[in-house]
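J.: Structure for the following, please:
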Amino acid sequence: MTAEDVLEIIAPAEWTVPMVFNSPHSGSLLPPDFLNQVRLDHRSLRLSEDCFVDELFGGCIAAGAPMLRALFSRSYIDLNREPYELDQRMFFEQLPRHFNMSSPRVACGLGTIPKVVAEGQDIYRGRILLAEALNRIECVYRPYHRALSALLNEAHRATGRVLLVDCHSMPSSAVSEIQAHNERRIDVVLGDRYAASCDPLIAATAEDCLRNAGLNVVRNRPYAGGFFTENQGHPRLGRHALQVEINRCLYIDEGRQTKTANFNAMKGILDTLAQTLGSLLADQIPAIDFQMAAE
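T.: Numbering: from 1, shown residues only. Below you'll find the model as predicted:
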């Protein structure tokens, strides 16, 4: 398996702003050997995916920034986790002690190799071999993270700063408890690790842009940012990361996982977001210092 089998980099004709958009959960590939191990049907296995999020945020290309997107389904491997964030209950063998077996995500069955899909249904018929998990980590997880690091490092070397926009969607049920205390539906959750992963101006600019489009935006609850945001966001080093979670009911039928009539309107709002963030970064960096041709 090569990197081209597990990821795709969609690049603009000219890379003009130091941003990288990342869509790690929009893939849909389900390998035959995996399907032979599971107890769920195809539709159920895709419940955890960020359906169409790569397309939804695709306006980053016109804004002059590349997008990295995963090809494999999130039910197969979750790229927004530590590499060895694994659940002992899933495996025949005893896991090595240095693996993270006690994180809140593992406890919920949502580790690097997920135990359940979004609605809490068990994925597998029984336990699996540790070798299977390690193979996915080596063949899918590591190439993806290497590709993202390479893109971010290239922009940072050229300009001294880079912004990772981590693109996600959330089921409408995920914010139902918070909505009980709000008059309006929560449309977007911005995660900046409580102001630790990006310059406050970046998060504020994103929030203003989305609010001006009529969306109800909250920060860091219930999603403050996952592994990508936490590990790539170091503002003092000129490395910024912002997670954007879009309420799925804004653009898809969640049950059928199909686009609704609102999809294009939502995409237009996110096109504007990409342009707005790009302009923010470009204003702070002389254009002559940033001339990178996309491969």
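
J.: neighbours around residue 258, how many?
T.: When neighbours are counted by other CB atoms under 10 Å, residue 258 registers 11. To be clear about C-beta, it is placed using only N, CA and C from the backbone, and glycine gets the same treatment.

J.: show me the residues around it that make contact.
T.: Contacts for residue 258 (CB atoms under 8 Å, 6 or more residues apart in numbering) come out as residue 252.

J.: now it, which residues is it bridged with?
T.: Counting by DSSP bridges, residue 258 is bridged to residue 253.

J.: Repeat that for residue 243.
T.: Assessed by DSSP bridges, residue 243 has beta-bridge partners residue 166, residue 191.

J.: Give the full set of residues in contact with it.
T.: Residue 243 neighbours (CB under 8 Å, 6+ apart): 166, 168, 189-192, 223-226, 228-229.

J.: okay if I get those as CSV plus pLDDT, distance to residue 60 and neighbour count?
T.: Below are these laid out as CSV (pLDDT from 0 to 100; distance: CB to CB, whole Å; neighbours: other CB atoms under 10 Å):
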residue, pLDDT, distance to residue 60, neighbour count
166, 98, 12, 27
168, 98, 14, 23
189, 97, 19, 24
190, 98, 16, 22
191, 98, 18, 26
192, 98, 18, 26
223, 93, 20, 19
224, 94, 22, 18
225, 95, 18, 28
226, 94, 19, 21
228, 98, 16, 21
229, 98, 17, 25
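
J.: Next, format those residues as JSON lines and append distance to residue 102.
T.: Conversion of these to JSON lines gives the following (distance: CB to CB, whole Å):
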{"residue": "166", "distance to residue 102": "24"}
{"residue": "168", "distance to residue 102": "24"}
{"residue": "189", "distance to residue 102": "25"}
{"residue": "190", "distance to residue 102": "28"}
{"residue": "191", "distance to residue 102": "22"}
{"residue": "192", "distance to residue 102": "26"}
{"residue": "223", "distance to residue 102": "21"}
{"residue": "224", "distance to residue 102": "19"}
{"residue": "225", "distance to residue 102": "20"}
{"residue": "226", "distance to residue 102": "17"}
{"residue": "228", "distance to residue 102": "21"}
{"residue": "229", "distance to residue 102": "21"}
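
J.: Among the residues you listed, which pair sits farthest apart?
T.: Across the contacts of residue 243, no pair lies farther apart than 189 and 228, at 15.1 Å, counting by CB to CB.

J.: which residues in this structure form helices?
T.: Secondary structure of the chain by DSSP state H: the helices cover 3-6, 32-35, 42-45, 53-56, 104-107, 130-136, 142-159, 176-179, 200-212, 227-232, 263-284.

J.: Burial check on residue 257, number of neighbours?
T.: Residue 257: 15 surrounding residues under other CB under 10 Å.

J.: Could you do residue 195 as well?
T.: Neighbour tally, residue 195, other CB under 10 Å: 12.

J.: Need the pLDDT of the spatially closest residue to it that is not a sequence neighbour.
T.: Closest residue in space to residue 195, ignoring its immediate chain neighbours: residue 203 at 7.2 Å, by CB to CB, 6 or more residues apart in numbering. Predicted confidence (pLDDT) for residue 203: 96.

J.: For the closest residue to residue 17 other than its chain neighbours, give me its contacts.
T.: Among residues not flanking residue 17 along the chain, residue 278 sits closest, at 4.1 Å (CB to CB, 6+ apart). With contact taken as CB under 8 Å, 6+ apart, residue 278 is in contact with 16-17, 19, 63-65.

J.: ok, the residues you listed vs residue 175, which is closest?
T.: When the contacts of residue 278 are compared against residue 175 (criterion: CB to CB), the nearest one is residue 19, at 26.3 Å.
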